[in-house]
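[1] Fold the following, please.
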Amino acid sequence: MKAAGVKAGVPDLFLPVAKNGCHGLYIELKRQKGGRVSPDQVAWMETLQKQGYCCALARGWEMAAEVICDYLGLDKGKYL
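    Prediction:
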């Protein structure tokens, strides 16, 4: 990943949609059980939040889908 130019700690997903006073949504994905957040990931999410982005930690794809629906103001029941 490093050879591809990926920076350590940058969240896995970015939704470039300004909403609710935020410039966009970053999501760090982790397994439902286990999977720890590294100090680099915490630092990136704190920095992004200070710059006006919404950040979330999602354990599993279902939680990530819920976070996206909440951010966009979508009915979760319709999409999940």
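
[2] what's the closest non-adjacent residue to the residue most central in space within the chain?
    Central residue of the chain (C-alpha atoms, centre = their mean): residue 27, 0.8 Å from the mean position. Spatial nearest neighbour of residue 27, chain neighbours left out: residue 13 (4.2 Å); criterion: C-beta to C-beta, 6 or more residues apart in numbering. Every residue, glycine included, has its C-beta placed from N, CA and C.

[3] Name all residues that make contact with the one you found.
    Taking C-beta atoms under 8 Å, 6 or more residues apart in numbering, we find residue 13 in contact with 25-27, 29, 64.

[4] just to revisit the earlier point, isn't the residue nearest to the centre of the chain up against residue 67?
    Yes. Counting by C-beta atoms under 8 Å, residue 27 does reach residue 67; the two are 6.0 Å apart.

[5] Overlap of the contact sets of the two?
    Common neighbours of residue 27 and residue 67 (C-beta under 8 Å, 6+ apart) are 56, 58.

[6] per-residue pLDDT, residue 20?
    Looking at residue 20, its pLDDT reads 89.

[7] contacting residues around the residue nearest to the centre of the chain?
    Residue 27 sits next to 11-15, 55-58, 64, 67-68 when contact means C-beta under 8 Å, 6+ apart.

[8] in stretch 6-16, what counts as buried?
    9, 11, 15 (16 or more other C-beta atoms under 10 Å).

[9] Equivalent analysis for stretch 35-49, please.
    41, 44-45, 48.

[10] In TSV, list these along with distance to residue 35 and secondary structure.
    Converted to TSV, these look like this (distance: C-beta to C-beta, whole Å; DSSP: H, G, I helix; E, B strand; the rest coil):
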residue	distance to residue 35	secondary structure
41	11	helix
44	16	helix
45	15	helix
48	20	helix
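
[11] Pick out the most distant pair among these.
    Maximum pairwise distance among those (C-beta to C-beta): 10.6 Å, between 41 and 48.
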